[in-house]
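**Q** Pasting the sequence and the predicted model now:
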Amino acid sequence: MKIMYWLYEGCVHLLALLFLFTATNKILDWNHFVRQMNNQVFSKSLSAVLVVAVPFVEFLAVFLLMKVKTRMLGLRLSLVLMTAFTMYIGLIILQIFPRVPCSCAGVFNQMSWHQHFLFNIAFTALAAAGIFIKVKLERASTEVLTL
């Protein structure tokens with residue numbers, strides 16, 4: 001069970017680092033982020049909401065992941081975020097959009113869309129694994145208590 005616990009902690013902290021990096025990058029390079037959001041295929045009013053909501057929700061995910069009592073909620077939010085981001089990149093790869101809407105933060109600029117898609121799949125799986133491991137750990141601890 002100790003290995004499972006450390007795998008769980010690894011999932012939580014890797015996701016927190018990812019969201020901390022991406023949200024911070026958006027804030028530090030705000031003008032670039034706003035230009036990217038304004039280049040999206042959806043409406044300007046939705047872009048205006050997302051420009052504030054995306055970094056806020058990413059920071060919220062970090063906060064939830066770092067507090068032991070809210071980690072499961074943080075993992076669920078991470079799974080939703082990573083699924084949405086992965087689907088978005090999938091749509092880009094499938095050339096659903098009339099133009100490539102934006103690039104991505106920091107080191108992700110160096111990735112191709114296919115590499116970014118695979119990266120996102122890995123982090124989506126990490127979020128799902130964190131949830132699975134947490135449930136398994138909770139079941140194991142309640143079984144020990146009922147003995």
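**A** Okay, I see it. Numbering: from 1, shown residues only.
**Q** Can you tell me how far Ser43 is from Gln115?
**A** Distance of Ser43 to Gln115, computed by Cβ to Cβ, to the nearest Å: 29 Å. Yep, even glycine has a C-beta here, placed from its N, CA and C like the rest.
**Q** Of these two, which one has the most company?
**A** Neighbour totals were compared for Ser43 and Gln115, and Gln115 leads with 12 against 9 (other Cβ atoms under 10 Å).
**Q** Which other helices and strands does the helix or strand where that one lies contact?
**A** Secondary structure assignment for Gln115, by DSSP states H and E: helix 113-146. The helices and strands touching helix 113-146, judged by 3 or more Cβ pairs under 8 Å, 6 or more residues apart in numbering; DSSP states H and E, are helix 2-28, helix 71-93.
**Q** Flag every buried residue along it.
**A** By 16 or more other Cβ atoms under 10 Å, the buried positions in helix 113-146 come out as 116-117, 119-120, 123-124, 126-131, 133-134.
**Q** Could you figure out how far it is turned away from helix 2-28?
**A** 140 degrees (axes from the mean of the first three to the mean of the last three Cα atoms, to 10 degrees).
**Q** Return the distance of helix 113-146 from the chain's centre.
**A** 13 Å (Cα atoms, centre = their mean, to the nearest Å).
**Q** Name the residues that touch stretch 129-147?
**A** By Cβ atoms under 8 Å, 6 or more residues apart in numbering, the residues outside stretch 129-147 that reach it are 1, 4-5, 7-8, 11-12, 15, 71-72, 75-76, 78-79.
**Q** Please disregard the earlier target; I meant stretch 83-91.
**A** For stretch 83-91, contacts defined as Cβ under 8 Å, 6+ apart pick out 97, 113, 116-117, 120-121, 124.
**Q** Pipe the buried residues of helix 113-146 into TSV and attach pLDDT and distance to Phe59 per row.
**A** As requested, the buried residues of helix 113-146 are exported to TSV (pLDDT from 0 to 100; distance: Cβ to Cβ, whole Å):
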residue	pLDDT	distance to Phe59
His116	92	21
Phe117	94	24
Phe119	96	20
Asn120	96	19
Phe123	98	17
Thr124	98	19
Leu126	98	19
Ala127	98	17
Ala128	98	22
Ala129	98	23
Gly130	98	19
Ile131	98	21
Ile133	97	24
Lys134	96	22
